[in-house]
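Student: dropping the sequence and predicted coords here.
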Amino acid sequence: MAAFPDIPKIKFEGPDSDNPLAFQYYNPDEVVEGKTMKEHLRFSVVYWHTFRANGSDPFGAPTLNRPWEDGTDSVENAINRARVAFEFMEKLDAPFYAFHDRDVAPEGDTLAQSHENLDKIADVFEEEQKRTGIKLLWGTANMFSNPRFMHGAATSCNADVFAFAAAQVKKAMEVTHRLGGENYVFWGGREGYMNLYNTDMKREMDHLGQFLNMAVDYADEIGFKGTFLIEPKPKEPTKHQYDSDAAACINFLRAYGLMDRFKLNIETNHATLSGHTMMHELDYAGAQDCLGSIDANTGDLLLGWDTDQFPTDIYLTTQCMMAILKHGGLGLGGVNFDAKVRRESIDPIDLFYAHIGGMDAFARGLKIAAAIRADGGMQEFVDQRYSSWDAGIGKDIEAGKHDFKSLSEYMVNKGEADANASGRQEFLENYVNRFV
Ligand code: XLS
Ligand code: NI
Ligand code: NI
């Protein structure tokens, strides 16, 4: 039985449409900067929020009672849910999805039982992927919910837990590979600490480095060619996570010899929790050739945790797309909605409104960013701002022709630096407003 019988396939109807179950801006076949919107944005639905969030919070019970759930943690219920998920994604016209092992299949009494459950769901996914053409953007392992991971997974003080985590990631990688996953994600849920008094930070980070190298070795063994992604987040659930922000992750990857196999999956709400804008994190990752994928969501200005709301702010999506286009696009990554409807949005149709809004916001951001780039005014200003590096002394410094002695000689002769020009921030902010 269909779970969303009254919902039609969501189509592009254009900006004049007032149909809340249609796209006003996301037109999958529309070409922007030489690629279709579908190719640029590679939208992905997350299994954990969209099909597992039940609206419970630390203060209250579940509110989202989905009619297709039978209330049990059985494989049967999980299979039924998987069919519903594909019905939803097909109607939404989302080309990708992403999951954790434990979102999709119940954890068994033993690890072997958990593996078996996961295989049964993977059978259904394989069938549904074939039927619909929907693809797996990435898989990952949930190594933060079960109490065994209370001290971390790869960074646990308990060596057996490290071994358990390795077994779990091995299996999650196999399933991701089997389903043609284009990436594999590591988000360090509890890979950090609550208190330094009881923590050997150096040892924990070495273990994490060793763990990720084992993952790379195993990928080579099974022929998994997808990109590995680390997803930065500074805190929550731990006080400090080792994968804090883009810069910390890239430093970690360099230190442990992982730069050639890993990129980053940047999430908006995590960027803001670390005290950065999403645009900063994207630009930083892009500058180091580490921009892999994004978890598209947004936080709340007044709340200090990962509220995982759907992104609807056009300035935010414009800035995301400016940074993404600047660094050559997302490649095998995508725009993955790691976002959940509020616990008060209790109807299944709210899942459609939420995703349609996010997809339209990103489509608009893409078009605005492309228009800004086509106009060229901002780039021209930036080029002009750095023009002292294009000739004369600047050019020679960049070419490595100078040292402190020669620069001192140059400036002692000259007496004073050339005058500075205005940074024109307000002018540029107004300029962006012309396109939004
Ligand atoms: C949690 C993370 C998580 C990752 C996948 O804050 O965003 O959902 O995306 O483990
Ligand atoms: Ni995420
Ligand atoms: Ni998150």
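Tutor: Happy to help now that I have it. Ligands and ions are numbered 1, 2, ... in the order given.

Student: so who does Asp70 touch?
Tutor: 76-77, 80 (CB atoms under 8 Å, 6 or more residues apart in numbering). (Glycine included, C-beta is placed from N, CA and C.)

Student: can you tell me the SS state at it?
Tutor: With DSSP: H, G, I helix; E, B strand; the rest coil as the basis, Asp70 sits in coil.

Student: SS state for Lys235?
Tutor: Lys235 ends up coil, using three-state DSSP.

Student: sorry, back to before: now a PyMOL select for only the buried ones of the contacts of Asp70.
Tutor: PyMOL command restricting the contacts of Asp70 to the buried ones, with burial defined by 16 or more other CB atoms under 10 Å:
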select buried, resi 80
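
Student: by proximity to ligand 2, which residue of the stretch 301-436 of the chain wins?
Tutor: Going by CB to the ion, ligand 2 is nearest to Asp338 of the stretch 301-436 of the chain, at 3.7 Å.

Student: any idea what the closest residue in space to that residue that isn't next to it in sequence is bridged to?
Tutor: Excluding its sequence neighbours, the residue lying closest to Asp338 (CB to CB, 6 or more residues apart in numbering) is Asp295, at 3.7 Å. Taking DSSP bridges as the rule, Asp295 bridges to Glu267, Asn336.

Student: would you map the strands across this protein?
Tutor: Along the chain, the segments classed as strands by DSSP state E run 11-12, 22-23, 31-32, 35-36, 43-46, 96-100, 135-140, 183-186, 192-193, 227-230, 240-241, 262-267, 291-295, 335-337.

Student: could these be laid out in TSV, adding distance to Phe252, mean pLDDT and mean neighbour count?
Tutor: Shown next, in TSV, are the strands of the chain (distance: least, CB to CB, whole Å; pLDDT from 0 to 100; neighbours: other CB atoms under 10 Å):
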stretch	distance to Phe252	mean pLDDT	mean neighbour count
strand 11-12	42	98	16
strand 22-23	39	98	20
strand 31-32	35	98	16
strand 35-36	32	98	12
strand 43-46	25	99	26
strand 96-100	22	99	26
strand 135-140	18	99	25
strand 183-186	11	99	24
strand 192-193	12	98	22
strand 227-230	8	98	23
strand 240-241	11	98	21
strand 262-267	9	98	28
strand 291-295	15	98	27
strand 335-337	22	99	27
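
Student: with distance to ligand 1 as extra columns, can I get those strands in JSON lines?
Tutor: Compiled in JSON lines, these are given as follows (distance: least, CB to the nearest ligand atom, whole Å):
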{"stretch": "strand 11-12", "distance to ligand 1": "28"}
{"stretch": "strand 22-23", "distance to ligand 1": "25"}
{"stretch": "strand 31-32", "distance to ligand 1": "27"}
{"stretch": "strand 35-36", "distance to ligand 1": "25"}
{"stretch": "strand 43-46", "distance to ligand 1": "7"}
{"stretch": "strand 96-100", "distance to ligand 1": "6"}
{"stretch": "strand 135-140", "distance to ligand 1": "5"}
{"stretch": "strand 183-186", "distance to ligand 1": "6"}
{"stretch": "strand 192-193", "distance to ligand 1": "12"}
{"stretch": "strand 227-230", "distance to ligand 1": "10"}
{"stretch": "strand 240-241", "distance to ligand 1": "10"}
{"stretch": "strand 262-267", "distance to ligand 1": "5"}
{"stretch": "strand 291-295", "distance to ligand 1": "5"}
{"stretch": "strand 335-337", "distance to ligand 1": "8"}
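
Student: a markdown table for those, including distance to Gly392?
Tutor: Below are those laid out as a markdown table (distance: least, CB to CB, whole Å):
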| stretch | distance to Gly392 |
| --- | --- |
| strand 11-12 | 52 |
| strand 22-23 | 51 |
| strand 31-32 | 38 |
| strand 35-36 | 39 |
| strand 43-46 | 47 |
| strand 96-100 | 49 |
| strand 135-140 | 48 |
| strand 183-186 | 45 |
| strand 192-193 | 48 |
| strand 227-230 | 41 |
| strand 240-241 | 46 |
| strand 262-267 | 37 |
| strand 291-295 | 33 |
| strand 335-337 | 43 |
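
Student: picking up where we left off before, I figured the residue nearest to Asp338 was touching Ile266, is that so?
Tutor: Yes. Counting by CB atoms under 8 Å, Asp295 touches Ile266, with 7.1 Å between them.

Student: local confidence estimate at the residue of the stretch 301-436 of the chain closest to ligand 2?
Tutor: Here the pLDDT value assigned to Asp338 is 98.

Student: distance of Leu351 from Lys263?
Tutor: According to CB to CB, to the nearest Å, Leu351 and Lys263 sit 29 Å apart.

Student: oops, could you answer that again for Met378 instead?
Tutor: In terms of CB to CB, Met378 sits 26 Å off from Lys263.

Student: please apply the same query to Ile7.
Tutor: Counting by CB to CB, the gap from Ile7 to Lys263 is 35 Å.

Student: contact partners for the closest residue to ligand 1 within the stretch 51-200 of the chain?
Tutor: When you check the stretch 51-200 of the chain against ligand 1 by CB to the nearest ligand atom, the closest residue turns out to be Trp187, at 3.6 Å. When contacts are counted by CB under 8 Å, 6+ apart, Trp187 touches 140, 230-231, 233, 243, 265.

Student: turn those into a markdown table, including distance to ligand 2.
Tutor: What follows is the contacts of Trp187, written out as a markdown table (distance: CB to the ion, whole Å):
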| residue | distance to ligand 2 |
| --- | --- |
| Thr140 | 9 |
| Ile230 | 11 |
| Glu231 | 5 |
| Lys233 | 7 |
| Asp243 | 11 |
| Asn265 | 7 |
